[in-house]
Each structure stands twice: as structure tokens, then as C-alpha cells.
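In: Curious how this folds, go ahead:
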Amino acid sequence: MGRFILRRALFGILVLFVISFAVFLLFFVVAPGDKAGNFCGKGCTPERLAQIRALYHLDQPWPSQYLLYVKRLVLHGDLGYSFTNQQPVRAIIFDRAPATASLALGAAIVWLSIGIPIGILAATKPRSLRDRAATSFALAGLSIPTFVLGLLLIYLLFYQLTVHGAAFFPAGQYVPLTQNPWEWAKHLFLPWLTLAVVSAASYSRITRGSLLEVLGEDYIRTARAKGLSERRVIYRHGLRSALTPVVTLLGIDVGTLLGGAIVTEAVFGLGGIGQTAVQAVINGDLPIIFGTVLFAAFFIVVANIFVDIAYAMLDARVRLA
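Out: Numbering: from 1, shown residues only. All right, here's what the predicted structure looks like:
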């Protein structure tokens, strides 16, 4: 296991270097015009241009620029400096990261709690009424855009309840967990529900299809022939193997959301990484765009490493050799 994790970690580092090099080429080499002007954003002055050229060593050949950038990134965690916000990019991202992490991880718990049980119920009684109900739920969830569902929940659970004197759900914004855990959960409930309804639809269908396939395997028939209860056959022997594709999708989804749930953050005004990246695009703040891309790539790589480890824990047929 240790050798496998080390090998995957080294491969993940290689992937991050490839991504950083590709983004560097896009912003520092391929991009037209004055590179310092591109990073300067709005309100550019000659003094600021000189600072940018000195910070990114733009007077040197681009291979040297990249090596110096990687050196600062690896040794000091330096993601650059946003001259538009007058702050280091690392400070901006770390300030927004708790909102995005709370949204992504909380929503994942909610959609797994909804999607997997629905998928199990549908798989144990295929072509039954509850299977058709699960299919209808999946089609409805997949058909509703995130921003439409978010606005609908705000209208029903915030506006209408507030009008009728039951102001329980806030419309949005983010309250830190350390400040007030109850308010933290209240402000995130509607965003969690928005992401969970849409995502749970996919997870219910994947769980259903995978579990149906597993329940037809020889070792499942052997377990039933030994007289094991149907509940134990499904949950002890079948579900562990059936969850393998669910774990794959979960790793991708959570890794992507940790890089910023742009639409949901914008609808509920959470001020997370996704909303910060959108504002950086509007302002032409390339250092923040560069930093958020690397930040998102890091979490996707880490999530995929955990997915590979979870494979071996869920399915004994998978070996990490």
C-alpha cells in the first residue's frame, strides 16, 4: 500500500507540473501583447508594470521565468500577487477556500445520503413502482439546471417562508464554522440541497446499475445458496463492489467542486473560490486565474489518489500491486 501511494503521489506531482507548465505557456508565452500589461489588470501604471516585470522576471527567457515561478511555488507556496486586489493570490484563495470546502463536502454528504439509498431500493426491486419512481427522480434531477433549482429554493424556502412569518432559511452568504456552527449550517443548507438534488440523481442511477450487475455475479449466488439473509447479501457482499463506480464519480465531483462551484456560489453569494475566479476573469486578473487553476488541479489529483485507494478497500478483487 505504501509503495502504491508513493507512486500515485509522484504521478500526481508530475500531472501538476504538466498543468502548471501548460497554463504558464498560455499566459506567459502564447498570450499576445505586453505580458506585464496582461497581469496588471485595470488601473495600470508604469510603476506597477515595473513591479510585475521584476516579480515574474519578464526580462529573462521564458524557460527561466518558469523555473523561477516553480521554485517560488514549491519552496514558498507563492501563487503570485494580485495587483488588482493588492494581495497575494495565496491569501485570497485561502480566505475563500473555507466557503468552497464547506459547500463541496457538505453537499457530497447530502447527495450520497439521498442517491445511494434510492439506488439500492431501485436495484433490489427492478421494474417495480419504486424503481420507476427512482427513475423519475433521476430524470427530474438531471433535467433541472443548478441555477434554476437554486433560485426556486430561494423563492420557496426563503422568500415565501419569510413573507409568512417563518424566516428560517437565509438567502445566502457564508458564515464561518468557527464563528457560529448553527448559522454556518443554516446558511449552507439551501446551497447543499441545490447541489445534492442535481447530483443525487446521477448517483442513484449509477448505484442502481452497478448493484444490479453485481447481484448477478456467481459469488452472490453462492452467498444466497449458503443461506445468508438477503439483507446481508446485498449490503455485505454486493454493495461494496457496486460502490466502485460511485467512488470514481465522487472523487471527480468533489475534486471539481473544491476548485469552485461557480454557479451555486454565485446564486447564493457565498464568496468562494469559484465566484472569485469569475470576478478575476471579469477584471482581467490573471494571477488569480492562474492560482485558482492550480488550486483546482491539486484537489482533483488528490481526490483521484483517494479514489484509487478506496478501490482496494471496497473490492477485494482490486489489487494495488
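
In: ok, how many other residues are close to N85?
Out: Using other CB atoms under 10 Å, N85 has 18 neighbouring residues. For every residue, glycine as well, the C-beta is placed using N, CA and C.

In: pLDDT at it, what is it?
Out: What the model reports as pLDDT for N85 is 80.

In: doesn't D285 make contact with it?
Out: Yes. Counting by CB atoms under 8 Å, N85 touches D285, with 7.2 Å between them.

In: Distance from the helix or strand harbouring A36 to the middle of the chain?
Out: Assigning secondary structure by DSSP states H and E places A36 in helix 35-40. From the chain centre to the centre of helix 35-40 is a distance of 30 Å (CA atoms, centre = their mean, to the nearest Å).

In: Also stretch 204-217?
Out: That offset, for stretch 204-217, works out to 25 Å (CA atoms, centre = their mean).

In: quick one: the strands in the stretch 201-321 of the chain?
Out: Taking DSSP state E, counting those that start in this stretch as the criterion, the stretch 201-321 of the chain contains no strands.

In: could you pull out the helices for it?
Out: 218-225, 230-232, 239-242, 244-258, 262-268, 273-283, 286-314 (DSSP state H, counting those that start in this stretch).

In: Out of those helices, which is closest to K186?
Out: Closest approach to K186 among the helices of the stretch 201-321 of the chain (CB to CB): helix 262-268, 12.1 Å.

In: Which elements pack onto the closest one?
Out: Contacts defined by 3 or more CB pairs under 8 Å, 6 or more residues apart in numbering; DSSP states H and E place helix 262-268 against helix 89-124, helix 146-153, helix 181-215, helix 273-283.

In: switch to 6 Å and redo it
Out: Secondary-structure packing of helix 262-268 (3 or more CB pairs under 6 Å, 6 or more residues apart in numbering; DSSP states H and E): helix 146-153, helix 181-215, helix 273-283.

In: can you list those in JSON lines and add distance to A166?
Out: What follows is those, written out as JSON lines (distance: least, CB to CB, whole Å):
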{"stretch": "helix 146-153", "distance to A166": "15"}
{"stretch": "helix 181-215", "distance to A166": "13"}
{"stretch": "helix 273-283", "distance to A166": "29"}
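
In: V267: which of these is closest?
Out: helix 146-153 (3.9 Å).

In: Now for N38: which residues touch it?
Out: By CB atoms under 6 Å, 6 or more residues apart in numbering, the contact list for N38 reads A31, L286.

In: Tabulate the helices and strands packed on helix 262-268 (TSV), appending mean neighbour count.
Out: Below are the helices and strands packed on helix 262-268 laid out as TSV (neighbours: other CB atoms under 10 Å):
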stretch	mean neighbour count
helix 146-153	17
helix 181-215	21
helix 273-283	21
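
In: quick one: which of these is nearest A9?
Out: helix 273-283 (23.2 Å).

In: Look up phi and psi at P145.
Out: phi -60, psi 150 (degrees, to the nearest 10).

In: That one: neighbour count?
Out: 10.

In: Mind pulling up the pLDDT for it?
Out: Note for P145: predicted pLDDT of 85.

In: Could you measure from it over to A310?
Out: 30 Å (CB to CB, to the nearest Å).

In: coming back round to it: can I get the helices of the stretch 201-321 of the chain in a markdown table including mean pLDDT and distance to F169?
Out: Converted to a markdown table, the helices of the stretch 201-321 of the chain look like this (pLDDT from 0 to 100; distance: least, CB to CB, whole Å):
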| stretch | mean pLDDT | distance to F169 |
| --- | --- | --- |
| helix 218-225 | 85 | 44 |
| helix 230-232 | 84 | 37 |
| helix 239-242 | 82 | 34 |
| helix 244-258 | 83 | 21 |
| helix 262-268 | 84 | 11 |
| helix 273-283 | 83 | 20 |
| helix 286-314 | 82 | 28 |
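
In: out of those, deepest packed?
Out: helix 262-268 (a mean of 23; mean count of other CB atoms under 10 Å).

In: Give me the domain ranges for this structure.
Out: 2-78, 96-314 (automatic domain parsing).

In: Turn those domains into a markdown table, including distance to V89.
Out: Listed next are the domains of the chain as a markdown table, based on distance: least, CB to CB, whole Å:
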| stretch | distance to V89 |
| --- | --- |
| domain 2-78 | 8 |
| domain 96-314 | 4 |
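
In: The ones you listed: lowest mean pLDDT?
Out: domain 2-78 (a mean of 81).

In: Could you tell me the end-to-end distance of that domain?
Out: 29 Å (CA to CA, to the nearest Å).

In: do stretch 269-278 as well
Out: Stretch 269-278: ends 12 Å apart by CA to CA.

In: what comes into contact with that stretch?
Out: With CB under 6 Å, 6+ apart, stretch 269-278 has contacts from R96, A99, T100, G172, Q173, Y174, G260, A261, I262, E265, A266, T292.
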